[in-house]
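>>> Okay, here's the prediction I keep looking at, along with the sequence it came from:
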Amino acid sequence: MAEDICLLQKRSGSGWFETLLNSHTNVSSNGEIFSVKERRDNISSIVKTLDRVYNLDWFTSASKNQCSAAIGFKWMLNQGVMEHHKEIVEYFNERGVSAIFLLRRNVLRRMVSMLANSYDRYAKLINGTHKSHVHSPEEANTLSSYKPSINSVSLLTDLKQMELTAVKALEYFSSTRHIILYYEDLLKNRTILQDVQNFLRLPQMDLTSCQVKIHKGPLSEQIKNWEDIKDTLRGTAYESYLSADY
């Protein structure tokens, strides 16, 4: 039995990617278990939670214990991973845990997704219910109708910090068995999913998801203060993010 973990940035397609993995008959991914603060208060509570998962004491609707070849869950980088990386790396290497990093190249699009998701936590645009992921074009259109304003004053600093966090995470976990994936690459080239299954030592299957992409099309249609953002990024290392589309 392989043990795996997905280390992720928020709003980088993690929900979609997890549903793809869970569509494999030999994978049990148990969701974002460290979203509960008590499970990540300190390294002791983190290790206790990890032990529950990998000793198969963690039962959810995703569990397929009798036939699972890979057991894991989603772990966001802001959920204690960075603060306790040394101890977590030791645990991974001792237990033979493999890590899948899912990142996003265009962090400006990630910022749009984060702001829109944060807004919906309070606005609850779909029938008075907050939804981070949707399963119909109608729901996707409802959520994408909100166009956030982005702070242009701190934008360059914010984008740099988001990228730096990803770089640090990859550096911290360089000694573990891991694979690095980018959301944009998965969208454009689904054969990458074959590489993921090989990495997890799984028999090849067609992986599917019922989730529908929320934000698509040009960023000019998704950002309220588009002209300010365009002027701020023009001539910088992030200018290409303005035109990238998928």
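That came through, no problem.
>>> ranges for the helices of the protein?
Here the chain has its helices, by DSSP state H, at 14-22, 43-54, 85-95, 107-123, 137-144, 155-172, 183-188, 192-199, 226-233.
>>> Let's have these in CSV, adding mean neighbour count and mean pLDDT.
Just so you know, the C-beta spots here come from the backbone N, C-alpha and C atoms, and that holds for glycine as well. Below are these laid out as CSV (neighbours: other Cβ atoms under 10 Å; pLDDT from 0 to 100):
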stretch, mean neighbour count, mean pLDDT
helix 14-22, 21, 92
helix 43-54, 16, 93
helix 85-95, 15, 96
helix 107-123, 18, 95
helix 137-144, 16, 96
helix 155-172, 15, 96
helix 183-188, 16, 93
helix 192-199, 16, 95
helix 226-233, 17, 98
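>>> which one of those helices lies closest to Gln79?
Closest to Gln79 of the helices of the chain is helix 43-54 (Cβ to Cβ; 9.2 Å).
>>> Just list what the closest one packs against, helices and strands only.
Contacts defined by 3 or more Cβ pairs under 8 Å, 6 or more residues apart in numbering; DSSP states H and E place helix 43-54 against strand 70-72, helix 85-95.
>>> give me the number of residues near the residue nearest to Ala69 when sequence neighbours are not counted?
Nearest residue to Ala69 in three dimensions, chain neighbours excluded: Asn26, at 3.9 Å (Cβ to Cβ, 6 or more residues apart in numbering). Other residues within reach of Asn26, judged by other Cβ atoms under 10 Å, total 17.
>>> Check Leu181 too.
21.
>>> What are the neighbouring residues in contact with it?
17, 100-103, 192, 196 (Cβ atoms under 8 Å, 6 or more residues apart in numbering).
>>> Now render the helices of the chain as TSV, adding distance to Met205.
TSV is the format used below for these (distance: least, Cβ to Cβ, whole Å):
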stretch	distance to Met205
helix 14-22	10
helix 43-54	23
helix 85-95	26
helix 107-123	28
helix 137-144	26
helix 155-172	28
helix 183-188	16
helix 192-199	7
helix 226-233	41
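>>> Select, out of these, the one closest to Leu7.
The nearest among the helices of the chain, by Cβ to Cβ, is helix 155-172 at 6.6 Å.
>>> how about the closest one as PDB, C-alpha atoms only?
Output of helix 155-172 as PDB, limited to C-alpha atoms (Å, rounded to 0.1, in the frame of the first residue of the first chain):
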ATOM      1  CA  LEU A 155      -0.300  43.700  -5.800                       C
ATOM      2  CA  LEU A 156       3.400  43.200  -6.700                       C
ATOM      3  CA  THR A 157       4.300  42.400  -3.100                       C
ATOM      4  CA  ASP A 158       1.400  40.000  -2.800                       C
ATOM      5  CA  LEU A 159       2.200  38.100  -6.000                       C
ATOM      6  CA  LYS A 160       5.800  37.800  -5.100                       C
ATOM      7  CA  GLN A 161       4.900  36.500  -1.600                       C
ATOM      8  CA  MET A 162       2.600  33.900  -3.100                       C
ATOM      9  CA  GLU A 163       5.300  32.700  -5.400                       C
ATOM     10  CA  LEU A 164       7.900  32.700  -2.700                       C
ATOM     11  CA  THR A 165       5.800  30.500  -0.500                       C
ATOM     12  CA  ALA A 166       5.600  27.800  -3.300                       C
ATOM     13  CA  VAL A 167       9.400  28.100  -3.800                       C
ATOM     14  CA  LYS A 168      10.100  27.600  -0.100                       C
ATOM     15  CA  ALA A 169       7.700  24.600   0.200                       C
ATOM     16  CA  LEU A 170       9.500  22.900  -2.700                       C
ATOM     17  CA  GLU A 171      12.800  23.600  -1.100                       C
ATOM     18  CA  TYR A 172      11.700  22.300   2.300                       C
END
